[in-house]
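1. With the input below, show me the fold.
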Amino acid sequence: MSGHSKWAKIKHKKGAEDAKRGALFTKLSKEITAAAKEGGGSTETNFRLRAAMARAREYNMPQNNVENAIKKGTGEIPGIVFENVVFDAYGPGGVAMLIEGLTDNKNRTTAEVRNLLNKKGGSMAGAGSTAWLFAKKGYITVEKDKSSEDAVMEAALEAGAEDIKTEGDSFEVFCDSTVLETVKNALIAKKIEIASAEVTMIPSSTVKVEGNDARNILGLLEALEENEDIQNVHANFDISDEEMAKISAE
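-> The predicted structure follows:
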């Protein structure tokens, strides 16, 4: 099972749990604020803001929170200024990682990320040393019991999708990040229920991990995601279905 596919499902489940605690709303607010600061408060012209707001809707973030986050970004109300940070790293088993964050204190976040990596068998890498392995793509999943492969393929390809794959119990749709919304709406128009839709970083190659390396990379990803300053963690690991079932049963 590809690392992206498995981690996307884990994150989606964890996101729903975090939303109940409010932890996810903090991260979503920061992303909306940063997007509005970077490209303005109009979703018509600001793709990053449009994507952030779509994710906020997915997790039922209160509209008042969304509006306040936008106003902080556009300067209508005072707020903390967040800086985009990206860390290249390697995890257990030589897994390449790309860690994206938003922070009001880069030195603090850098120290925290380095500490987590060291504790979990990973290490920081030079700028750009892993980023080249990842490409920004739109990524949509549809559960197999919600639609047929032919229906997903026809609607997605007509709307501009680049590739459709079958992974586990889901169909995966890949597209250029700029047409994610178009492809998503085309599927919805065909009454196809979408499990998740996001702009993410897809690895060009994967590294097979098992045993302790598999356990440790999942633990590291979990620890990084729990950090309030970390928005997204991408990794190119590959864990077999059998190995994942074994870890889940422990």
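2. Quick check: next helix or strand after the least confident helix or strand in the chain by mean pLDDT?
-> Using mean pLDDT, DSSP states H and E, helix 3-21 stands out as the lowest-scoring helix or strand of the chain, at a mean of 62. Past helix 3-21, further along toward the C-terminus, the next helix or strand under DSSP states H and E is helix 23-39.
3. Residues touching that following helix, excluding its own?
-> The set of residues that contact helix 23-39 without belonging to it, under Cβ atoms under 8 Å, 6 or more residues apart in numbering, is 15, 18-19, 45-49, 51-53, 55-56, 59, 61-62, 65-66, 68-75, 79, 81-82, 84, 102, 228, 231. C-beta coordinates here come from the backbone N, C-alpha and C atoms, glycine included.
4. Return the set of buried residues in that helix.
-> Applying a neighbour-count criterion of 16 or more other Cβ atoms under 10 Å, the buried positions in helix 23-39 are 23-25, 27-37, 39.
5. quick one, phi psi at the closest residue to Gly128 other than its chain neighbours?
-> The spatially closest residue to Gly128, leaving aside those adjacent along the chain, is Asp88, at 6.4 Å (Cβ to Cβ, 6 or more residues apart in numbering). Dihedral angles phi and psi of Asp88 (degrees, to the nearest 10) take the values phi -90, psi 140.
6. just the one 4 residues further on next, same as before
-> As for Pro92, its main-chain torsions (degrees, to the nearest 10) stand at phi -60, psi 140.
7. which residues does it contact?
-> Under the criterion of Cβ under 8 Å, 6+ apart, the contact partners of Pro92 comprise Lys120, Gly121, Gly122, Val209, Asn212, Asp213, Asn216, Ile217, Leu220.
8. let's see it at 7 Å
-> If a contact means Cβ atoms under 7 Å, 6 or more residues apart in numbering, then Pro92 has Gly121, Gly122, Asp213, Asn216, Ile217, Leu220 as its contacts.
9. of all these, which comes closest to Lys146?
-> Using Cβ to Cβ, the shortest approach to Lys146 within those belongs to Ile217, at 29.7 Å.
10. so Ala96 touches Thr130, yeah?
-> Yes - between Ala96 and Thr130 there is a contact under Cβ atoms under 7 Å: 4.1 Å.
11. on that earlier part again, and which of the contacts of Pro92 is nearest to Ser240?
-> Nearest to Ser240 among those, with distances taken as Cβ to Cβ, is Asp213, at 12.4 Å.
12. looking at this, that closest one is in a helix?
-> Yes - when the secondary structure is assigned by DSSP: H, G, I helix; E, B strand; the rest coil, Asp213 falls within a helix.
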